[in-house]
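K.L.:
What follows is a predicted structure for the sequence shown.
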Amino acid sequence: MILFFGTRPGKKETKTLQNVECTHCQQTGTLTVTCQPNYAHLFWIPIFTLNNVKYAECSHCKRVYYKEEFTTEMERALTT
């Protein structure tokens, strides 16, 4: 019997954070958060989520903030 298993990235979701300031260039409303889950799959069917890759990028200065670098203001804007 042959089993096909592995990991595969899921669908990317993006969200623009309105009224949140970039701490690097002090521009407001330029941050875009991208979330992409990674799934474990069996026979190309996703079974469970392994992790979520989450980062924010400023469209003005191109600074990238990883999940560990999010400010409380960024986290608050993501949950609303």
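P.N.:
Ah, there it is.
K.L.:
Which residues are in contact with the nearest residue to residue 22 once chain neighbours are set aside?
P.N.:
Spatial nearest neighbour of residue 22, excluding adjacent residues (Cβ to Cβ, 6 or more residues apart in numbering): residue 58 at 4.3 Å. C-beta coordinates here come from the backbone N, C-alpha and C atoms, glycine included. When contacts are counted by Cβ atoms under 8 Å, 6 or more residues apart in numbering, residue 58 is found next to 22, 24-25, 27, 30-31, 64-65.
K.L.:
Just grab the bridge partners of residue 58 for me.
P.N.:
residue 31 (DSSP bridges).
K.L.:
can you pull out the helices in this structure?
P.N.:
Under the criterion DSSP state H, the chain contains helices at 72-79.
K.L.:
Now, of the contacts of residue 58, which are buried?
P.N.:
22, 30-31, 65 (16 or more other Cβ atoms under 10 Å).
K.L.:
farthest pair in those?
P.N.:
Farthest pair in the buried ones among the contacts of residue 58 (Cβ to Cβ) is 30 and 65. Separation: 11.7 Å.
K.L.:
which residue ranges form the strands in the chain?
P.N.:
With strands called from DSSP state E, the chain shows them at 5-9, 13-17, 31-42, 45-58, 64-66.
K.L.:
Including mean pLDDT and distance to residue 76, could the ones you listed go into JSON lines?
P.N.:
What follows is the strands of the chain, written out as JSON lines (pLDDT from 0 to 100; distance: least, Cβ to Cβ, whole Å):
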{"stretch": "strand 5-9", "mean pLDDT": "88", "distance to residue 76": "27"}
{"stretch": "strand 13-17", "mean pLDDT": "92", "distance to residue 76": "10"}
{"stretch": "strand 31-42", "mean pLDDT": "93", "distance to residue 76": "12"}
{"stretch": "strand 45-58", "mean pLDDT": "92", "distance to residue 76": "13"}
{"stretch": "strand 64-66", "mean pLDDT": "94", "distance to residue 76": "14"}
